[in-house]
Structures are given as structure tokens and as C-alpha cells.
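Peer 1: Take a look and give me a structure for this.
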Amino acid sequence: MELDEISTTARRVAAAFDMSPPQVEAGRTARWSPTGVSLRERGGSLVLIIGPQFHTLQSADADAALAEICAGYKIHPRTFRRLGLAFLALLAFLVIAMSLANFQTDVPGWGNVLGVGLLLVGWLLILVPWLRWFTYQIDREIFEALGWPVVHAALDFDRRNPLKVPLRWLTPGVATRRNRLATRHQFQPPVP
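Peer 2: Model prediction:
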């Protein structure tokens, strides 16, 4: 696909998500991303960065990649506010817990060790459900905006090309995502 074809598709996908059409330009994207596409804000407008990996995608996979990035951007503000508030609540809890632990023990620094341990466990207890929720939201947004064929292409692409980062083990699998979407929207998806 050439950049002008990608731009036309990106405008169509962005319109389905009630977003302003992004500018499209070639550039570098994260190596771990199998789609080779990222969306950034620059000077108040959206810029879709197309990496070399994107040019290797089939048409349905390219549409699905653009839909996933637009859906993620659409729910981005409300989701990061929730994650930020949860993290601030966790930090407040830890400050209190560390203070109490330092006052209740004769071993210096015990409160710090407890605090770091609680921070790691607490962060995972916040991050895992959030990542699952975010993944399900993206699927739902794509389904509502573009329908089952694009969701099916996205799920099929994700099955064939899992993320190359450790976070993939914290997100739901393709079969779980497909079943949840089918249950929530009461339809029978095609079996891959």
C-alpha cells in the first residue's frame, strides 16, 4: 500500500470512530509491534506513523491494524485517567502502610522493603485487570464501529502475530476475546 492509499483508508477508519482524520507519514515504529503503525499527537493534530512492517500486511490485516490503533486512541483519555487514579490510591496506601510498618518494628528499613513489595504486587493487581479491560474495550469499539469482519481480521492477525513483549501474557487470549465479544453482543462468530 502506498501512503495515499493508507491515508484514504485511515480517513475512513477514523470517521467510523468519530475522530479527526490523521495525517499519514512514513517513519519508524516500535520493533516489537507486528503491525508497524503508531498514532501520535503533534501540534494538536493526529499523525499516523507507518513503519516498514505495515507495508507487508494484507489488506484486511492493514484495516484491522488501523482500527485497533484508532479504537485504542479513542478510549485512551478515559482509560489512563482511571489507571492514574488507581496508581495514586495505591501510592497513598503504601505511604500509610510504610509509615505504620516503620513505627511498629525495631528493624530499620523493614517498612521500605514492605513498601516496595506492596508496590509491585499492588501495581500488578491494578495493571492486569486494566490491560484485560483495555483489550476488551478495543474489541468492542471495533465491533460497534466497523462490524464483525474487521474484528475477525484483528483477532486472526493477533493470533498469528502475538506481541513480542512480556505484556502479552497479561492480556486475554484471542479465543477468550472472541467468546466474550460474542456473548456480550449475542451473535455467533465464525470459527477460525
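
Peer 1: can you map out the strands along the chain?
Peer 2: In the chain, the strands defined using DSSP state E lie at 23-26, 37-42, 45-50.

Peer 1: most neighbours per residue, which of these?
Peer 2: Ranked by mean neighbour count, these are led by strand 45-50 with a mean of 19 (mean count of other C-beta atoms under 10 Å). Quick note: C-beta positions are derived from backbone N, CA and C, even for glycine.

Peer 1: for that one, what is the average pLDDT?
Peer 2: Averaged over strand 45-50, pLDDT sits at 91.

Peer 1: That one - contacts with which helices or strands?
Peer 2: Packing partners of strand 45-50 (3 or more C-beta pairs under 8 Å, 6 or more residues apart in numbering; DSSP states H and E): helix 3-16, strand 23-26, strand 37-42, helix 59-104.

Peer 1: what separates stretch 79-98 from the chain centre, distance-wise?
Peer 2: 21 Å (C-alpha atoms, centre = their mean, to the nearest Å).

Peer 1: swap in stretch 54-62?
Peer 2: Distance, stretch centre to chain centre, for stretch 54-62: 19 Å (C-alpha atoms, centre = their mean).

Peer 1: cool, and stretch 7-15?
Peer 2: Computed by C-alpha atoms, centre = their mean, the separation of stretch 7-15 from the middle of its chain amounts to 20 Å.

Peer 1: Please export the C-alpha coordinates of that stretch as PDB.
Peer 2: Output of stretch 7-15 as PDB, limited to C-alpha atoms (Å, rounded to 0.1, in the frame of the first residue of the first chain):
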ATOM      1  CA  SER A   7      -4.300   7.900   4.100                       C
ATOM      2  CA  THR A   8      -7.700   7.100   2.400                       C
ATOM      3  CA  THR A   9      -8.200   4.000   4.500                       C
ATOM      4  CA  ALA A  10      -7.100   5.900   7.700                       C
ATOM      5  CA  ARG A  11      -9.700   8.700   7.000                       C
ATOM      6  CA  ARG A  12     -12.400   6.100   6.500                       C
ATOM      7  CA  VAL A  13     -11.500   4.200   9.700                       C
ATOM      8  CA  ALA A  14     -11.100   7.500  11.700                       C
ATOM      9  CA  ALA A  15     -14.500   8.600  10.600                       C
END
